[in-house]
Every structure is written in C-alpha cells, then in structure tokens.
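Undergrad: would you be able to build a 3D model of this:
(2 chains)
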Amino acid sequence: MNRNLTLRYLFLILCSIVMIYPVFWLVGNALKSNEEIPKSNLIPTTLHWENFANGWTAIPGFTFAHFFYNSFFIVVLSVFGTLISSAFVAFGFARLNFPLKKMWFAIMMVTLMLPTQVTLVPQYILFTYFDWVGTTLPLIVPHFLAVSPFFVFLMVQFIRGIPKDLDESAKIDGCSTLGIAFKIVLPLCTPAFITTAIFSFIWTWDDFLGQMIYLTDTAKYTVPLALRLFLDNTSAVTWGPMYAMSLLSVIPCFIIFIVAQKYFVEGISTTGIKG
Amino acid sequence: MTEINGAVDKSSGKLHRWIEPIWGYVFISPWLLGLFVLTVGPMSQSFYLSLTEYNLLELPTYIGFDNYKEIFTDDADFWKSLQVTLTYVVLSVPLKLFFALMVALLLFQAIRGMSVFRAIFYLPSLIGGSVAISAIWRNLFGMDGFLNKIGGLFGLQGIDWINTPGTSLYTLVMLAVWQFGSSMVIFLAGLKQIPRDLYESASVDGASKFRSFFSVTLPMLTPIILFNLVMQIIGSFQMFTQAFIVTQGGPINSTLVYALYLYQKAFAYFNMGYASALAWILLSVIAVFTVIVFWSSKKWVHYET
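TA: Numbering: from 1, shown residues only, chains lettered A, B, ... in the order given. As a prediction, this is how the structure comes out:
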C-alpha cells in the first residue's frame, strides 16, 4: 500500500518535471546572455538580470509598461463585459419562461460549435464599416453582448443548481424579477463568476489573432503583439530580452490561476456536462 | 412553476402572465443582439461574399461558385492545408485526451498535494496559446534544442525538427498534446460525479481495479469523453497562433494549417471572397466531423437511466 503510494508520487513528480521543463527553460533563457542561449543548457552560468531592463525598453518609442497597460485595458473591460452580459442572459434562460426559449437556447448551443473563421472576415468588414479597425472597440464591445456562449451555458447550469424555492418565496414576498435576479440568484453565483473571470481573462490575454487583426498602430499594441515584434527581427541582440519579456507576459495569467485555483474544478463541475 | 404562477396571478391580477416573457426577452437581449449583429448577419454576409470577388477597396463582384470551383480544382495549397489540418486533428486530439484521462485518474487518487500537481499539469494549458510558449518551442525543437541534446546522449544524429518538412508538424502536435490541462480538469470533475457505491459493489463482486476501470469508470465517463472530444476537435481545426509563430506554415507548407491559410488569403492578400469560401468549407468539414462523432456516440456513450 505504502510502496504503491510512493511509486505513484514518483511517477507524478516525473511527469510534472516533463510538463514544466519548457517553463524552466523559459526562466533559464530569460537570464542567459545571448551567446549562451543557443547552447541550450537549462541553468545559466551567469545571471543576466539586465535582460529585463533591456527588454522593457527594447521597442523604440514605448516601454513594456505601455503594452501591459494596453493589454490590461482590453482584458479588464472584456472580462467585465463578459461577466455582466453572461449573468444577465443566463438568468433569463435559467429562471424565466418566454416563448421560443428552447429554440433560442438550442441556437446558442449550436453557435458554441461555430468556428471563429466563419464570422472573422465579415466581422472585420463590419468593423471597418463602423470605422473601428485600429481601435480597441472590436476587441471589447462584443464581450458586452455575451459573445461566448460557453460562459452563458456555464452560468445557466450553475443557476439551475440553485434551489428555485428561494426565488418563489421572494416572489410571494413581493420581490420583482429584477430583485430576484440581483438580490437572490446572482449573489449566489460567485463560483461561476470566478470561473468565468479566470477563463475569459486568460483567453483574452492570449487572443493573438484578434489583437493582430484589429490593432494596427504600435501605440495600441498589446503584450503578445509586442512580443511578436521581437520575434520578427530576431537579430542576435534581442534573444535574452525577448525571453525575459515572454516570461513577464505569462505571469498575469499564472497569478490569476493560482489565486483562484480552488474554484476551478468546482466551477467546471457545475457545468453539469455529464449527460 | 406554472402552479406558482397561477397562485401569484390570483393576488396580482393577470400582470405576471405577460410580464414574465417580456422580462425573459429583456434578460436575453444582449445575447440576441450579439447573435444577429455578430453572428447571423456576418454569416449571411460571409456566404454572399463567398460568391464574390472582394478586396475591401472596390465593391464585391458577383462571380457565382467560381471561388469554390477554384478551391476544389485549382488550389494545391487548399488541399495541402486540409491534409495538414486533418493530420494534426487526428493525431493531437486522441493523444491529448488519452494523457488528460490518465493524469486525471492519477490525480484523482493521490490526495495530498493534489492541488499543486493540478496546477503544474494545468500550467501548459494556461500559457500554451501564448506567443511566449511558441517562441520557446522554436528553441526546444531547434537544431541545438532539448530534443537533440537528449538524442545526442544516445548517440543520435540531431535533426532540425522545426525546419524539416517531415517533422515540423509533429512539433506542433506535441505542443498541443502538452496542453491537455483543460480536458484533464473536465475529466477530474467527471470522476468526482461517479457514485462511490458503484465501486463498492464492483469490489464486492470481486472485480479487480483494472476491471472496475473498464466496467465502471470508463462507461460512466463516456458522456465527458464525448464532450471533450467534440470541443477538442472543433478547437484543433481552428489552431492558428502556434503555427503562425512557431513555423509560419513552413517549411514548404508542411505546417500550413487551415486557419493560417485562410488568414493569409483574407489579411495578407485581402482576398475576402475567397477567404469566405474557405471559411464555409471549414464549417462544413467541422460539421461533418461533429455529426460523425455524435452519430457514433449512440453506440459508445453510456447514459444513466
């Protein structure tokens, strides 16, 4: 029994090392000199902390503070929009009865499977027409329209798990529909909100394609786009600083995940995907 | 629900009968607006555009099914990208789900330190789509990369994995498999929902661990396997960032995945009509795959009665 457990731990630790090896590699490279990076040893012989300072200022005209600000601006507003709109729509689907509800819900589930490429080109044309290309609006506004059905579905499933007796007694006490939504049901949805916030934070932070299409001006560039500027001119000078900035770019997602980790599996369990 | 509505109606008149549908539509209105403005509208426009030649600068010219005709009869890159994408999907999805399930089973049993391991195994999925990881991949599988160092220990001649047409796609498959975290978390959630007494009765009946995995765990997990399978297939068909950053579709188009080819047509050549036709073909391919999976699922997914 005990030996079995030890073996299991050994196996898990071995797997973990394989899993995070590339991450260690990233940390190692962020601290290496340019000459050392091609040698691909894991641990740097000398630590080059100046890579961070050099990377921070490597793109002419802007520091990485600027790109981080741009990323956070888009991400925070998107997450906020996703949370309000998904909660609103989910309450409607989970708690209210209206004609054609089943049909709309089925349509929503179908759009879950729609490849982004089908709407990408015409949406781009639409936003060109609005004169929004080059601004952050195409990356933010859709999130206020519950554009990810995945999150609505997640919240619908969560709300369905909250006892209906609660709203019914509130109704008898004279509580309005809005009151039931905002005072009774939605405050109980915190775990679903947290799961949604983590996922939408990470997805928006890493949404390279959308940001690349819509942000055309370096002044509006986000962190992923700035990193790509590094990759595009891979002169020998920029390797170490590039890895240093890459390392910084993944830290916000990592912090969010660690802080909210315990809600993660629970949040997903509530989607009730089981049959 | 209707009973309660009836009870409320007695005290507050007929108000609730029609006010609830109105509230219903008010609540779903953000999504409805989004559906029409950002999905249905663009989709119908996209279908129309697929029948035109359109470069954003001039008005679209109607050309019928010429785009589709050209794609199917005269576009080697289309067939290449379809083949590359199918290879990628068929290799990466099953491997990813296999690892996700194995690790979920391991983590489900080891109790102490579970959250630390869970975090470690999830980490690649957390950062896997980022430009940073794609940059590392170029380094790991490059000529002097990690893989060749390991090979070197066994006296193997190193190859430049990313810049060799025969191996470049496999580096992207490995990148995808490495990110099994989100499927794993969903499997973990599913494992939690399997009633304990099923295992108890299995062990009373003298079933070994191996046996109870195949007779209890696996059948009970089939709805979750179906969910993960469908989501991963749909996601893998649309893979873009990794191919764009790690290999740029090369060498000699060996990693020209479909989404990358479509991107080039739309945003490098501004051939919007052609790209729209490509998008509709992608939608059809994904739909066919999804239908096949759902259709076959009747035979292998076990639903509780």
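
Undergrad: just the helices in chain A please.
TA: Along chain A, counting by DSSP state H, helices occupy A:2-30, A:50-56, A:64-95, A:101-111, A:116-129, A:137-140, A:149-160, A:164-172, A:177-179, A:190-205, A:208-214, A:223-232, A:239-269.

Undergrad: and the contacts of the fourth one?
TA: Residues from elsewhere that reach helix A:101-111, judged by Cβ atoms under 8 Å, 6 or more residues apart in numbering or on different chains: A:F93, A:P149, A:V152, A:F153, A:V156, B:G24, B:I28, B:W31, B:L32, B:L35, B:T39. Quick note: C-beta positions are derived from backbone N, CA and C, even for glycine.

Undergrad: could you export the helices of chain A as CSV, including mean pLDDT?
TA: Shown next, in CSV, are these (pLDDT from 0 to 100):
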stretch, mean pLDDT
helix A:2-30, 85
helix A:50-56, 87
helix A:64-95, 95
helix A:101-111, 93
helix A:116-129, 91
helix A:137-140, 96
helix A:149-160, 89
helix A:164-172, 82
helix A:177-179, 82
helix A:190-205, 88
helix A:208-214, 92
helix A:223-232, 84
helix A:239-269, 80
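
Undergrad: got those as JSON lines, with mean neighbour count columns?
TA: Shown next, in JSON lines, are these (neighbours: other Cβ atoms under 10 Å in any protein chain shown):
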{"stretch": "helix A:2-30", "mean neighbour count": "15"}
{"stretch": "helix A:50-56", "mean neighbour count": "18"}
{"stretch": "helix A:64-95", "mean neighbour count": "21"}
{"stretch": "helix A:101-111", "mean neighbour count": "15"}
{"stretch": "helix A:116-129", "mean neighbour count": "20"}
{"stretch": "helix A:137-140", "mean neighbour count": "20"}
{"stretch": "helix A:149-160", "mean neighbour count": "23"}
{"stretch": "helix A:164-172", "mean neighbour count": "15"}
{"stretch": "helix A:177-179", "mean neighbour count": "16"}
{"stretch": "helix A:190-205", "mean neighbour count": "21"}
{"stretch": "helix A:208-214", "mean neighbour count": "20"}
{"stretch": "helix A:223-232", "mean neighbour count": "20"}
{"stretch": "helix A:239-269", "mean neighbour count": "20"}
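
Undergrad: out of those, which gets nearest to B:S215?
TA: Closest to B:S215 of those is helix A:2-30 (Cβ to Cβ; 21.5 Å).

Undergrad: quick one: contacts for residue 244?
TA: All of this is about chain A. By Cβ under 8 Å, 6+ apart, A:A244 lies in contact with A:A30, A:L31, A:N51, A:F52, A:N54, A:G55.

Undergrad: wrong one, I was asking about chain B
TA: B:F244 is in contact with A:F208, A:L209, B:S134, B:L260, B:Y263, counting by Cβ under 8 Å, 6+ apart.

Undergrad: distance of the last one from chain A?
TA: Note on B:Y263: its distance to chain A, by Cβ to the nearest Cβ, to the nearest Å, is 7 Å.

Undergrad: ok, that residue touching A:M212?
TA: No - using Cβ atoms under 8 Å, B:Y263 is not in contact with A:M212; the gap is 9.0 Å.

Undergrad: quick revisit: and the helices of chain A: which comes nearest B:E58?
TA: Short answer: helix A:116-129, nearest of these by Cβ to Cβ, at 13.1 Å.

Undergrad: for the closest one, output the C-alpha coordinates as PDB.
TA: What follows is helix A:116-129, C-alpha atoms only, in PDB (Å, rounded to 0.1, in the frame of the first residue of the first chain):
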ATOM      1  CA  THR A 116     -14.500  31.800 -35.500                       C
ATOM      2  CA  GLN A 117     -13.200  31.800 -39.100                       C
ATOM      3  CA  VAL A 118     -16.800  31.900 -40.400                       C
ATOM      4  CA  THR A 119     -17.500  35.200 -38.800                       C
ATOM      5  CA  LEU A 120     -14.000  36.600 -38.700                       C
ATOM      6  CA  VAL A 121     -13.900  38.100 -42.300                       C
ATOM      7  CA  PRO A 122     -17.400  39.600 -42.300                       C
ATOM      8  CA  GLN A 123     -16.900  40.900 -38.700                       C
ATOM      9  CA  TYR A 124     -13.800  42.600 -39.900                       C
ATOM     10  CA  ILE A 125     -15.700  44.100 -42.700                       C
ATOM     11  CA  LEU A 126     -18.400  45.200 -40.300                       C
ATOM     12  CA  PHE A 127     -15.900  46.900 -38.000                       C
ATOM     13  CA  THR A 128     -14.200  48.500 -41.000                       C
ATOM     14  CA  TYR A 129     -17.600  49.900 -41.800                       C
END
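
Undergrad: list the contacts of A:I162.
TA: With contact set as Cβ under 8 Å, 6+ apart, A:I162 has these partners: A:V185, A:L188, A:C189.

Undergrad: 10 Å instead?
TA: When contacts are counted by Cβ atoms under 10 Å, 6 or more residues apart in numbering or on different chains, A:I162 touches A:A94, A:R95, A:I184, A:V185, A:L186, A:L188, A:C189, A:A192.

Undergrad: try A:A90
TA: A:146, A:151-160, A:181, A:185-186, A:189, A:192, A:196, B:27-28, B:31.

Undergrad: you'd agree B:L156 is in a strand?
TA: No - per DSSP: H, G, I helix; E, B strand; the rest coil, B:L156 lies outside any strand segment and is coil.

Undergrad: can you report how many residues lie near it?
TA: Applying other Cβ atoms under 10 Å in any protein chain shown, we find 11 residues neighbouring B:L156.

Undergrad: gap between it and B:D197?
TA: Between B:L156 and B:D197 the distance is 52 Å, computed by Cβ to Cβ, to the nearest Å.

Undergrad: re the thing from before, state the pair within the contacts of A:I162 that is farthest apart.
TA: Farthest apart among those - using Cβ to Cβ - are A:I184 and A:A192, which lie 14.9 Å from each other.

Undergrad: so what's the residue count around the spatially closest residue to A:T57 that is not a sequence neighbour?
TA: Nearest non-adjacent residue to A:T57, counting by Cβ to Cβ, 6 or more residues apart in numbering or on different chains: A:T63, 5.4 Å away. Using other Cβ under 10 Å, the number of residues around A:T63 comes to 14.

Undergrad: can you narrow the contacts of A:A244 to ones near chain B?
TA: Restricting those to those near chain B by Cβ under 10 Å from any Cβ of the partner chain leaves A:A30.

Undergrad: can you pull the contacts of the nearest residue to B:Y54 once chain neighbours are set aside?
TA: Leaving aside its sequence neighbours, B:Y54 sits nearest to B:P60 (Cβ to Cβ, 6+ apart; 3.9 Å). Contact analysis of B:P60 by Cβ under 10 Å, 6+ apart lists A:I125, B:Q45, B:Y48, B:L49, B:L51, B:T52, B:E53, B:Y54, B:M272, B:G273, B:S276.
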